[in-house]
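Asker: Pasting a predicted model and its sequence here:
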Amino acid sequence: VMAVESARLIWKLRYERVIARDGRLFEEREVSNRWYAELERRLALERRVLALLTGKRKARRAIRVYAVWRPLVQSSSDLPPGWMSDGGVLVGIKRGR
């Protein structure tokens, strides 16, 4: 997931730099913020898709989605059961420091 979203963001940034910014580079902070925003967008999408599934498909998908995202979510050990498929707001993606 991270590789795909990172590649997608790189493509978007290159396009934006060449077309909209006349070749001006992005600041490191802006790139970092946009990368985290892309990850949060993807997590929200995964959660919405999971909420629409039912039965065994939902259970299998939940295991896979949970395994991918749990290490990236802040305070994931404090999250309630079913946090992947329940609506609501999460605490966010872990940011490197």
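Answerer: Received, thanks. The shown structure was predicted, so the numbers you read here are calculated from the model rather than taken from an experiment.
Asker: For this structure, which residues score under the pLDDT cut-off?
Answerer: Within the chain, the stretches with pLDDT under 70 are 86-97.
Asker: Give me the most central residue, it.
Answerer: residue 39 (2.3 Å; C-alpha atoms, centre = their mean).
Asker: how much space between it and residue 6?
Answerer: Using C-beta to C-beta, to the nearest Å, one obtains 9 Å as the distance from residue 39 to residue 6. Using the backbone N, CA and C atoms, a C-beta is placed for each residue, glycine as well.
Asker: Kindly report the same for residue 73.
Answerer: 18 Å.
Asker: neighbour-wise, which of these two wins?
Answerer: Neighbour comparison, residue 73 and residue 6: the larger count goes to residue 73, with 21 against 13 (by other C-beta atoms under 10 Å).
Asker: The more buried one bridge partners, please.
Answerer: Here residue 73 sits in beta bridges with residue 93, as judged by DSSP bridges.
Asker: pretty sure it is touching residue 44, no?
Answerer: No: the criterion here is C-beta atoms under 8 Å, and residue 73 misses it with residue 44 at 11.9 Å.
Asker: and the residue of the chain most remote from its centre, what element?
Answerer: The outermost residue of the chain, judged against the average C-alpha position, is residue 22 (28.7 Å), by C-alpha atoms, centre = their mean. Using DSSP states H and E, residue 22 is not contained in any helix or strand.
Asker: Look up how far residue 16 lies from it.
Answerer: 11 Å.
Asker: Next secondary structure after the helix or strand where residue 12 lies?
Answerer: Per DSSP H and E: residue 12 is located in helix 2-19. Proceeding N to C from helix 2-19, the next assigned helix or strand is helix 28-52, under DSSP H and E.
Asker: Give the buried residues for that next one.
Answerer: Residues of helix 28-52 classed as buried under the neighbour-count rule (16 or more other C-beta atoms under 10 Å) are 35, 38-39, 42-43, 46-47, 50.
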